[in-house]
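[1] here you go, sequence then predicted model.
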Amino acid sequence: MKLSDLTDREIWLSFKEGDDRAVSYIYSEYFPVLYRYGLKFSVDISLVEDTIQDLFADLIKNRETLGDTDNILFYLLKSFRRKLLRKMNKENRYDLTGEMTDDYPFEVVWSVDHELIIEEESDHRSSLLLKALEELTPRQKEAVYLRFTKELDYTVISEIMSISVEACRNLISKAISNMRKWINKKN
């Protein structure tokens with residue numbers, strides 16, 4: 001049976017049991033996602049790639065003691081984010097004590113698909129929306145990116161960002177509210 005036909009839970013169990021095919025599958029399937037996500041925090045390609053390599057090395061080394069998951073993407077995003085922010089903090093690039101600060105980078109270049117959809121409604125509104133997105137704090141940008149670009153639910157986003165579900169909902173709600181206010185001011 002092909003690994004792609006299995007559920008995330010089954011693939012993860014295979015990985016934990018030492019199946020090298022599962023390791024290869026998880027790496028090839030999720031490396032591009034982690035890489036693009038990492039570049040939202042840092043343009044240092046080496047840092048992002050090294051962090052992904054370290055993450056997978058740690059996962060392989062500790063696979064027998066890892067917890068179970070039915071969502072590999074969630075598990076990897078949360079682990080990768082934590083590892084990357086710690087490395088950035090260790091290198092004194094940002095003060096990320098407690099990871100509850102907005103003092104970290106998170107830059108999103110919104111995809112052509114999103115721009116085209118918005119552009120169909122109105123070039124003016126599209127331009128305003130993109131400018132409003134740039135006015136958000138890095139933490140708000142990250143939450144909006146995970147919610148609307150990666151289409152993750154609030155529970156998953158809250159785990160990835162190490163905040164409560166309520167704080168996650170409030171963060172996204174405040175981001176949307178700030179964008180509306182900014183757009184209304186410009187209209």
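    Looks like it came in fine.
[2] tell me which residue is most central in the chain.
    The C-alpha lying nearest the average C-alpha coordinate of the chain belongs to residue 37 (C-alpha atoms, centre = their mean; 5.1 Å).
[3] check the secondary structure at residue 181 for me.
    helix (DSSP: H, G, I helix; E, B strand; the rest coil).
[4] contacting residues for it?
    Residues near residue 181 by C-beta atoms under 8 Å, 6 or more residues apart in numbering: none. (C-beta placed from N, C-alpha, C; glycine too.)
[5] got it, and residue 9?
    68, 69, 70.
[6] next, it: secondary structure please.
    helix.
[7] those helices in the protein, which residues are they?
    Taking DSSP state H, the helices of the chain run over residues 8-16, 20-41, 45-61, 72-90, 112-121, 123-134, 138-144, 154-160, 165-186.
[8] now do the domain split for the chain, please.
    According to automatic domain parsing, the chain comprises the domains 3-99, 112-186.
[9] worst average pLDDT in those domains?
    Lowest mean pLDDT within the domains of the chain: domain 112-186, at a mean of 81.
[10] could you check how far that one is from the centre of its chain?
    On the basis of C-alpha atoms, centre = their mean, to the nearest Å, domain 112-186 sits 13 Å off its chain's mean C-alpha point.
[11] what do you get for stretch 30-50?
    10 Å.
[12] same thing with stretch 56-67?
    Centre-to-centre, stretch 56-67 and its host chain are 21 Å apart (C-alpha atoms, centre = their mean).
[13] and it, C-alpha only, in PDB?
    Provided in PDB are the C-alpha atoms of stretch 56-67 (Å, rounded to 0.1, in the frame of the first residue of the first chain):
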ATOM      1  CA  PHE A  56      13.900  16.000  11.400                       C
ATOM      2  CA  ALA A  57      17.100  14.800  13.000                       C
ATOM      3  CA  ASP A  58      15.500  15.300  16.500                       C
ATOM      4  CA  LEU A  59      12.300  13.600  15.300                       C
ATOM      5  CA  ILE A  60      14.200  10.600  14.000                       C
ATOM      6  CA  LYS A  61      16.400  10.400  17.100                       C
ATOM      7  CA  ASN A  62      13.500  10.600  19.500                       C
ATOM      8  CA  ARG A  63      10.800   8.900  17.300                       C
ATOM      9  CA  GLU A  64      10.100   6.100  19.800                       C
ATOM     10  CA  THR A  65       9.200   8.600  22.500                       C
ATOM     11  CA  LEU A  66       7.200  11.000  20.400                       C
ATOM     12  CA  GLY A  67       3.500  11.500  21.000                       C
END
